[in-house]
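*Asks:* Dropping the sequence and predicted coords here.
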Amino acid sequence: TLFIELGDATQELLFAHIEIVRDLCLEIDNHAHFNASMDPQRSQELWAARHRTYYASLALKPNGKAVVTDTCVPLSQFAQ
């Protein structure tokens, strides 16, 4: 599962970037399920699912451990 949060200066750019991400996901896995939302309630549901995946992954292996990482690129540094 891959969760991505996008923030753009304009709605037009946001829609364009959503399409790029969707196309990349489908290129990697043609059967991928892709969900995108600009609705605040749906966005909260997707992020809640992100947090639940941590506990679900821990349940896969008794006494297992997980490492969680986030990546953030400031828009001012994005082109680099």
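*Replies:* Sure thing, it's come through.

*Asks:* Pull the number of nearby residues for residue 34.
*Replies:* 13 (other Cβ atoms under 10 Å). All C-beta atoms are positioned from the backbone trio N, CA, C, and that covers glycine.

*Asks:* While we're on it, how confident is the model there?
*Replies:* Looking at residue 34, its pLDDT is 84.

*Asks:* secondary structure class for the spatially closest residue to it that is not a sequence neighbour?
*Replies:* In space, and not counting its chain neighbours, residue 34 is closest to residue 22: 4.9 Å by Cβ to Cβ, 6 or more residues apart in numbering. Here residue 22 is helix, with the state taken from DSSP: H, G, I helix; E, B strand; the rest coil.

*Asks:* Tell me how far the helix or strand where residue 46 lies lies from the chain's centre.
*Replies:* Assigned by DSSP states H and E, residue 46 belongs to helix 40-59. Taking the mean of its C-alpha atoms, helix 40-59 sits 11 Å from the chain's own mean (Cα atoms, centre = their mean, to the nearest Å).

*Asks:* What of stretch 48-68?
*Replies:* For stretch 48-68, the distance to the chain centre is 16 Å (Cα atoms, centre = their mean).

*Asks:* Would you mind listing where the chain has pLDDT under the threshold?
*Replies:* Under the criterion pLDDT under 70, the flagged ranges of the chain are 75, 78-80.
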